[in-house]
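A.B. asks: show me the folded form of this:
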Amino acid sequence: MSLKNHFGRVPPGVRDLLPGEARAKREIEEKFVALVRAWGYQEVNTPVYEYYENLLSRDSFQEDKMFKFLDRSGHVLALRPDMTRPIARLAATRLKEVPLPMRLFYTGHTFSYEEPQVGRQRESYQAGIEILGESSADADAETVVLATKALLNAGIRDFQVSLGHVGIFHGLMEDLGLSETQVEELKKAIGNKDFVKLRELLSNFKIPRENQNKVLKALNLRGGAEVLKEARELTESDKARRALKNMEEIFSVLQAYQVERYVTVDLGLLRELDYYTGLVFEGYSAALGFPLCGGGRYDKLVGKFGRELPATGFALGVEKVMLVLEREGVLGEEPSPDYLIMYSPEKRAEAAQKAGRLRAEGYTVVARVITSPVEVEIVGKETGAKQKNVIK
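C.D. replies: Numbering: from 1, shown residues only. Sure thing, here's the model as predicted:
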């Protein structure tokens, strides 16, 4: 295809934000920033692209989704697929002297070679937090609480946050004595919520029927804190039981913050990214088939950059939140200006002073030069301003 065929268009998976959309995005980000600053988080920014080795994943599926390219020196670079890896690098290098724990937040673009569809683009906007240097259940719960409050502040009322724990899955797998390859196959089936495939794999791996049933029942458990007690009866694994205890502690903190009504325990939840080591969570709305936010604990990731540091965090998908607000009919439109001041060229100075006074009082003011009486009527209708002044 020639270059001419692309002229004036944007590639698949990216899009322009029009005035009402750009305003909504800005408002969501500003509310998020106000929220997390009130909880003591400090802003950081990292480059949009990094050396490829900083963003490497051991998951080949994730690797295939990265945008990679060469610089003029032959270095392999990649657009960041998420914000957590760059911040892990930052914490281990330029922030290594900062007292712990660190509470950091960011807003920015991420890139992933997805098949474009509504709610899933190749360029995404994220707003998120990371707590580095703290391993407590309180820190994990804080990320869930802030995810909940961020969704509420954005205007979303009908949502649920699902909580899982990768330690439960790995503990159950230890009970079965499976190879790493077999575990990865099961993990992929669970990630796709394909429990038919999961049963088929367990059968193919010659797992006794009683043990199959225990694993399937545990990974299908959903509900309040009571399902954690039920899960404890289904495993002998110390790792799984420690994970369940950890979830009980986290849930008790969520109750202290009175957000438990937004939370559902889902022991079959496993996030796509391979660096999670503990709690994982995702926030869903009935209006969208993809998670609005997600996060969890990643205690081994910062260590890959030379500094062992427990960490936890989450990211909010800003454009996904916008899509839900649009579908719920609450995405705000670009408001009309408060004042329209139309002026003749001879009255430019007078108009500028009046517009300046009104803007200083907090009003939005559009000033337009006019050269004929006909323009007064036409321009007045176009802007939709609440009040119109003509200075001739």
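A.B. asks: hmm, Met322 is touching Arg26, no?
C.D. replies: No. Applying C-beta atoms under 8 Å, one finds Met322 not in contact with Arg26, separated by 10.8 Å. From N, CA and C alone the C-beta is placed, and that goes for glycine too.
A.B. asks: of those two, who's got more company?
C.D. replies: Neighbours were tallied for Met322 and for Arg26 using other C-beta atoms under 10 Å; the higher tally belongs to Met322 (21 against 12).
A.B. asks: what's the helix or strand for that one?
C.D. replies: helix 318-327 (DSSP states H and E).
A.B. asks: name the residues of that helix that are buried.
C.D. replies: Val318, Glu319, Lys320, Val321, Met322, Leu323, Val324, Leu325 (16 or more other C-beta atoms under 10 Å).
A.B. asks: can you give me the helices in the stretch 151-300 of the chain?
C.D. replies: Secondary structure of the stretch 151-300 of the chain (DSSP state H, counting those that start in this stretch): helices at 166-176, 180-191, 195-204, 209-219, 226-232, 238-256.
A.B. asks: got those as CSV, with mean neighbour count columns?
C.D. replies: What follows is the helices of the stretch 151-300 of the chain, written out as CSV (neighbours: other C-beta atoms under 10 Å):
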stretch, mean neighbour count
helix 166-176, 21
helix 180-191, 16
helix 195-204, 15
helix 209-219, 17
helix 226-232, 16
helix 238-256, 19
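A.B. asks: need those helices in a markdown table with mean pLDDT, can you?
C.D. replies: Shown next, in a markdown table, are the helices of the stretch 151-300 of the chain (pLDDT from 0 to 100):
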| stretch | mean pLDDT |
| --- | --- |
| helix 166-176 | 90 |
| helix 180-191 | 87 |
| helix 195-204 | 90 |
| helix 209-219 | 92 |
| helix 226-232 | 94 |
| helix 238-256 | 96 |
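A.B. asks: can you tell me which of the ones you listed is nearest to Val33?
C.D. replies: helix 238-256 (23.3 Å; C-beta to C-beta).
A.B. asks: pLDDT-wise, which helix or strand of the protein ranks last?
C.D. replies: helix 60-64 (a mean of 69; mean pLDDT, DSSP states H and E).
A.B. asks: would you tell me what the next helix or strand after it is?
C.D. replies: Next element after helix 60-64 (DSSP H and E): strand 68-70.
A.B. asks: for the spatially closest residue to Ser344 that is not a sequence neighbour, which residues are in contact?
C.D. replies: For Ser344, ignoring the flanking residues on the chain, the nearest one in space by C-beta to C-beta, 6 or more residues apart in numbering is Lys392 at 5.0 Å. Residues near Lys392 by C-beta atoms under 8 Å, 6 or more residues apart in numbering: Tyr343, Ser344, Lys347.
A.B. asks: ok, and the most crowded of the residues you listed?
C.D. replies: So for these (other C-beta under 10 Å), the most neighbours sit at Tyr343, 21 neighbours.
A.B. asks: any idea how far the residue of the chain most remote from its centre lies from Ile391?
C.D. replies: For the chain, the largest distance from the centre (C-alpha atoms, centre = their mean) belongs to Glu346, which lies 52.5 Å off. To Ile391, Glu346 is 9 Å away according to C-beta to C-beta, to the nearest Å.
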